[in-house]
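Undergrad: coords please:
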Amino acid sequence: MPPKRKLDSRGAPRVEEITFDRDARKEYLTGFHKRKLQRIKQAKETAATIEKQTKQEARKQMRDKRKEEIEELVKTGQEAARKAARLAAGKLLESEPESENDDDHDDDDEFGGVEEAVKPAVNKDEQYVDEEKLTTVTVQEMDLNASSSESEAEANAGEGEQKKGGVKNEGEEKKWPKKLKEKKKKFR
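TA: This is a model prediction of the structure:
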């Protein structure tokens, strides 16, 4: 049987001998700053790893989201292409319901081209009012077969007649807008 240990008044085992170590005391008293810096460094490292993990998770979520969006766009694009192919082939009737999941598409369908779109109205005049100015815009159909040099020649012909005539009406002098003169401020 081991010998019984002596207890102090609190009931804790009594220490038999205490040795004094000057180096351990000095390290303890001068090590507060070192231990504080060590705790700060460790806290920064853990914060950096946590931040790194959150960034990785956010990037992963963004990649997954983009992947889902792309898959959805591809799916809608494929459905639109199938519908256009059926329209071009004349297979889709108005009474025929359009199926959402139409995976059995025919590969032998060929693209029949794009139908002529309805042309917007041309040869119209529109007026815009801006402060004190009235602007009239005339929209005309453009002739793609006519060369641009012919239209320029016709426009310049009318101007040339006015210049060559040399006759100026005295009442038709150009009037330039007057510039407002700013008053100079006196020094002092």
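Undergrad: pLDDT averaged over stretch 142-162 - what is it?
TA: Taken as a whole, stretch 142-162 carries a mean pLDDT of 58.
Undergrad: typed the wrong thing, it's stretch 176-186
TA: For stretch 176-186, mean pLDDT rounds to 75.
Undergrad: how close does residue 7 get to residue 15?
TA: Distance of residue 7 to residue 15, given as CB to CB, to the nearest Å: 11 Å. C-betas here are computed from N, CA, C, even on glycine.
Undergrad: Please enumerate the shared neighbours of these two.
TA: Residues touching both residue 7 and residue 15 (CB atoms under 8 Å, 6 or more residues apart in numbering): none.
Undergrad: per-residue confidence at residue 53?
TA: Residue 53 carries a pLDDT value of 97.
Undergrad: Kindly report the same for residue 70.
TA: 95.
Undergrad: C-terminal to the helix or strand encompassing residue 51, what's the next element?
TA: Per DSSP states H and E, residue 51 falls inside helix 32-89. Sequence order places strand 124-130 as the next helix or strand after helix 32-89, per DSSP H and E.
Undergrad: What helices and strands are in contact with the helix or strand following that following strand?
TA: On the C-terminal side of strand 124-130, the nearest following helix or strand under DSSP H and E is strand 133-139. With contacts taken as 3 or more CB pairs under 8 Å, 6 or more residues apart in numbering; DSSP states H and E, strand 133-139 sits against strand 124-130.
Undergrad: what is the rounded mean pLDDT of the strand it packs on?
TA: pLDDT averaged over strand 124-130 gives 82.
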